[in-house]
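In: A predicted structure for the sequence below; I have some questions about it.
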Amino acid sequence: MHVFHSARTISLSSVLAIWACMSLITNAHEGHFHKKGGGAKSSAGQTTVAQLAPAPVQVPKAVDATEPLDNGKPKLETARGIVFEDTNGNGKHDDGEPRLAGIKVSNGEDIVKTDDQGRYELPVTDDTIIFVIKPRGYMTPVNEDNLPQFFYIHKPAGSPAHLRFAGVAPTGPLPESINFPLTKRDEPDKFRALIFGDTQPRNIAEVEYMAHDVIAQVIDNNAHDASFGVTLGDIVFNNLDVMEPHNQAIAMIGIPWYNVIGNHDLNFDAEDDKHSDETFERVYGPNYYSFDHGPTHFMVLDDVTWVGAKDGEKGRYFGGLGERQMKFIKNDLAMIPKDQLVVLMMHIPLIGVEDRQELYRLIEQRPATVSLSAHTHYMEHRYIGEEDGWKGPEKHHHVINVTVCGSWWRGRKDERGIPHATMSDGGPNGYSIMEFDGAKYSLEFRAAGRPAEYQMNIYAPESVKPTELESTTVLTNVFAGSEKTIVEMRVGKDSEWVKMEQTPMNDPAYEREVLEELKWEQRNWRDLPAPHPTPHIWSGKMPAGLPLGTHLIEVRATGPDGKPVTNRRVIRIEE
């Protein structure tokens with residue numbers, strides 16, 4: 001049975017929206033990217049973080065941050081500013097606009113709260129990003145690509161000039177005041193967020209795949225009523241110039257969009273990890289940060305550590321957080337209630353992060369945590385326990401999310417000219433919708449270009465003899481299934497549900513598809529990756545004694561949230 005090329009449909013409204021999206025991308029491809037504005041000055045020497053990519057601010061500088069101390073470390077300056085409620089939404093602090101007390105501001109390590117006049121002070125070096133930690137009930141500005149603008153980059157000399165992809169331009173002296181505008185908005189306890197794993201377009205053509213295959217569907221569903229979205233790294237595929245048209249396509253969804261850095265988003269010509277995210281900083285801001293939405297605390301982490309080329313050896317990366325980021329995590333967690341739900345978002349799965357034990361010690365006694373990653377290009381739920389050094393009273397739930405690009409936009413193309421991109425676990429490419437409600441959360445898998453009900457594939461013979469029924473196996477791949485999923489089957493609506501057994505294995509249809517595609521000598525697609533053994537396959541046996549004729553197999557999967565999903569397959573009993 002061929003399962004990868006079923007027709008996918010989108011509505012007329014989505015077609016029109018994507019037509020507009022493609023016109024933006026075409027302009028980007030022709031070199032007409034939207035230009036970012038500099039920090040808006042609200043008064044002499046004051047910079048307001050509104051539409052941010054910092055431009056030089058011509059104010060006196062009290063200390064030369066580039067002049068080294070005797071120990072070789074740069075001198076520190078003090079960044080000052082205010083956080084205020086931007087009641088008229090113009091991004092500037094005007095007379096009468098209230099200053100906000102108790103708002104957290106960070107330099108990437110230290111975190112301070114604004115005083116009763118909304119003021120803060122933080123030490124900075126000549127390579128520091130100052131950012132506000134968005135509190136509940138407020139929102140930062142977003143730019144024309146719906147990217148949150150909650151930061152100010154202080155990099156007087158700019159990024160290293162030798163990088164292939166542009167980093168941050170010289171920002172000039174430290175402004176006298178770096179001000180952060182916030183606007184009020186309602187944030188109820190219950191809300192949704194869109195979670196994208198590796199979008200990973202390597203060129204404009206693959207941005208168009210993403211736009212037609214996924215973004216059209218999201219637009220057609222009114223962004224699934226999500227309050228914001230997140231891409232869990234590998235935003236692009238090595239070509240960092242694709243970030244701009246990619247962002248323009250994502251912006252069509254119409255909600256604020258946060259981004260995690262991935263291993264394919266790095267400056268590979270950087271000499272060290274510190275300078276490997278220069279382009280990411282220019283486009284998205286700090287490589288790690290946190291924010292609140294409703295009662296939930298979100299932490300965006302950078303768990304990709306870069307080791308530059310040296311002594312004839314190529315550069316490489318590994319999973320790691322590093323000392324400075326770990327200090328930020330520790331300080332951040334110390335300033336929030338212990339019972340607050342914490343969502344950690346990263347690129348490399350947590351079990352592949354070398355210094356994860358230190359992170360475990362910081363979160364394992366908290367009653368409500370969940371972490372999200374991508375990177376592997378298959379969907380999986382991990383429940384981390386003592387076998388990996390976790391010492392908490394309950395196992396930690398880690399979600400390896402489905403990827404938007406599936407198997408890197410590989411596989412033969414469908415009727416739209418888009419690769420089917422089936423992942424190596426046999427699941428379709430797609431995205432997740434997470435719902436949060438206080439300390440509770442749930443995740444809904446959504447396949448690209450398919451109805452919401454498409455949550456599994458059932459594998460069984462087309463026909464079977466009566467004498468072979470008891471030895472006939474039915475397999476079900478529940479795309480977002482886990483060890484906590486209960487999977488049952490029955491044949492006929494009047495029969496009893498029978499529990500199926502979780503049976504890790506390669507997806508059989510995906511194995512066949514890989515072999516079938518390799519038979520084509522002239523292929524206009526990239527070959528699929530090898531099959532990956534997946535834990536979300538269940539098996540069961542056909543019941544004996546079924547009469548000759550056509551029968552309906554039904555499979556029901558019930559996840560931890562108690563919501564069942566079902567699918568059906570016809571089978572024929574004949575001599």
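Out: Yes, it's here.
In: Return the set of buried residues in the helix or strand where residue 122 lies.
Out: Using DSSP states H and E, residue 122 sits within strand 119-124. By 16 or more other CB atoms under 10 Å, the buried positions in strand 119-124 come out as 119, 120, 122, 124. Just so you know, the C-beta spots here come from the backbone N, C-alpha and C atoms, and that holds for glycine as well.
In: got it, and stretch 322-336?
Out: For stretch 322-336, the neighbour count (16+ other CB under 10 Å) marks 322, 325, 326, 328, 329, 332, 333, 336 as buried.
In: can I get those residues in CSV with secondary structure, distance to residue 508 and pLDDT?
Out: Formatted as CSV, the entries for the buried residues of stretch 322-336 read as follows, by DSSP: H, G, I helix; E, B strand; the rest coil; distance: CB to CB, whole Å; pLDDT from 0 to 100:
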residue, secondary structure, distance to residue 508, pLDDT
322, coil, 42, 97
325, helix, 42, 98
326, helix, 43, 98
328, helix, 46, 98
329, helix, 42, 98
332, helix, 45, 98
333, helix, 44, 98
336, coil, 46, 98
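In: now for these, which pair is the farthest apart?
Out: Farthest pair in the buried residues of stretch 322-336 (CB to CB) is 322 and 336. Separation: 21.6 Å.
In: now the strands for the stretch 1-150 of the chain?
Out: With DSSP state E, counting those that start in this stretch, the ranges of strands along the stretch 1-150 of the chain come out as 40-43, 46-48, 77-85, 104-106, 111-113, 119-124, 128-132, 138-139.
In: Packing partners of the fifth one?
Out: So the one you mean is strand 111-113. With contacts taken as 3 or more CB pairs under 8 Å, 6 or more residues apart in numbering; DSSP states H and E, strand 111-113 sits against strand 104-106, strand 119-124, helix 323-334.
In: Show residues contacting the longest one.
Out: It refers to helix 323-334. Helix 323-334 is contacted by residues 106, 108-111, 133, 288, 290, 299, 301-302, 321, 342, 355, 358-359, 362-363, 366 when judged by CB atoms under 8 Å, 6 or more residues apart in numbering.
In: Then stretch 97-116?
Out: Contacts with stretch 97-116, where a contact means CB under 8 Å, 6+ apart, come from 79, 81-88, 117-124, 128-133, 135, 138, 180, 182, 286, 288-289, 324-325, 327-328, 331-332, 335.
In: Show the pLDDT at the residue nearest to residue 209 when sequence neighbours are not counted.
Out: Spatial nearest neighbour of residue 209, chain neighbours left out: residue 418 (5.0 Å); criterion: CB to CB, 6 or more residues apart in numbering. Here the pLDDT value assigned to residue 418 is 97.
In: quick one: low-confidence parts of the protein?
Out: Applying pLDDT under 70 to the chain flags the ranges 1-46, 49-74.
In: can you list the domain ranges for it.
Out: 12-32+187-447, 36-186, 456-573 (automatic domain parsing).
In: Out of the helices and strands packed on strand 111-113, flag the one nearest residue 260.
Out: helix 323-334 (12.8 Å).
In: Can you name the element that comes right after the closest one?
Out: strand 342-345.
In: Just give the strands next to that following strand in its sheet, each with its orientation.
Out: Strand 342-345 pairs in its sheet with strand 296-300 (parallel), strand 369-373 (parallel), by DSSP bridges.
In: residues contacting residue 119?
Out: 80, 81, 82, 99.
In: Most neighbours among the residues you listed, please name it.
Out: Highest neighbour count within the contacts of residue 119: residue 81, with 26 neighbours (other CB atoms under 10 Å).
In: isn't it right up against residue 122?
Out: No - checked against CB atoms under 8 Å, the pair residue 81 and residue 122 is beyond contact range at 9.0 Å.
In: which residues are common contacts for these two?
Out: Here residue 81 and residue 122 have 105, 130 as joint contacts, going by CB under 8 Å, 6+ apart.
In: returning to that earlier point: the helices and strands packed on strand 111-113: which one's closest to residue 371?
Out: Among those, the nearest to residue 371 by CB to CB is helix 323-334 (12.0 Å).
In: can you give me the angle the helix or strand where residue 290 lies makes with strand 296-300?
Out: Per DSSP H and E: residue 290 is located in strand 289-293. Interaxial angle of strand 289-293 relative to strand 296-300 (axes from the mean of the first three to the mean of the last three CA atoms, to 10 degrees): 160 degrees.
In: Which strands border strand 289-293, and is each parallel or antiparallel?
Out: Going by DSSP bridges, the partners of strand 289-293 are strand 296-300 (antiparallel).
In: can you pull up the bridge partners for residue 569?
Out: Residue 569 forms beta bridges with residue 553, as assigned by DSSP bridges.
In: and it, how many neighbours does it have?
Out: Using other CB under 10 Å, residue 569 has 18 neighbouring residues.
In: Can you name the residues that contact it?
Out: Neighbours of residue 569 in contact, by CB under 8 Å, 6+ apart: 458, 460, 552, 553, 555.
In: Tell me if I'm right that residue 281 and residue 287 touch.
Out: Yes - with contact defined as CB under 8 Å, residue 281 counts as touching residue 287 (6.9 Å).
In: about what we covered before: out of the helices and strands packed on strand 111-113, which is closest to residue 426?
Out: Using CB to CB, the helices and strands packed on strand 111-113 put helix 323-334 closest to residue 426, at 35.3 Å.
In: by how many degrees do that closest one and strand 289-293 diverge?
Out: Going by the same axes, to 10 degrees, helix 323-334 makes 20 degrees with strand 289-293.
In: Identify each of the helices in the chain and give its residue range.
Out: In the chain, helices defined by DSSP state H lie at 12-29, 204-210, 216-220, 243-251, 278-284, 323-334, 356-363, 508-518, listed in chain order.
In: now these in JSON lines, with distance to residue 466?
Out: Output for the helices of the chain, formatted as JSON lines (distance: least, CB to CB, whole Å):
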{"stretch": "helix 12-29", "distance to residue 466": "48"}
{"stretch": "helix 204-210", "distance to residue 466": "47"}
{"stretch": "helix 216-220", "distance to residue 466": "43"}
{"stretch": "helix 243-251", "distance to residue 466": "54"}
{"stretch": "helix 278-284", "distance to residue 466": "62"}
{"stretch": "helix 323-334", "distance to residue 466": "62"}
{"stretch": "helix 356-363", "distance to residue 466": "54"}
{"stretch": "helix 508-518", "distance to residue 466": "24"}
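In: Please name whichever of these is nearest to residue 575.
Out: So among the helices of the chain, helix 508-518 is nearest, using CB to CB, at 25.9 Å.
In: what distance separates stretch 94-109 from the centre of its chain?
Out: Offset of stretch 94-109 from its chain centre (CA atoms, centre = their mean, to the nearest Å): 28 Å.
In: How about stretch 203-222?
Out: Chain-centre distance of stretch 203-222: 16 Å, with CA atoms, centre = their mean.
In: list the buried ones in that stretch?
Out: Under 16+ other CB under 10 Å, the buried positions of stretch 203-222 are 203-204, 206-220.
In: Now residue 78. Nearest residue, chain neighbours left out?
Out: Closest residue to residue 78 apart from its sequence neighbours, by CB to CB, 6+ apart: residue 121 at 5.5 Å.
In: So that neighbour versus residue 107, what's the distance?
Out: According to CB to CB, to the nearest Å, residue 121 and residue 107 sit 10 Å apart.
In: Mind listing the shared neighbours of the two?
Out: Common neighbours of residue 121 and residue 107 (CB under 8 Å, 6+ apart) are residue 79.
In: show me where the stretch 301-450 of the chain has strands.
Out: For the stretch 301-450 of the chain, the strands defined by DSSP E, counting those that start in this stretch cover 304-307, 316-319, 342-345, 369-373, 380-384, 396-400, 430-437, 440-447.
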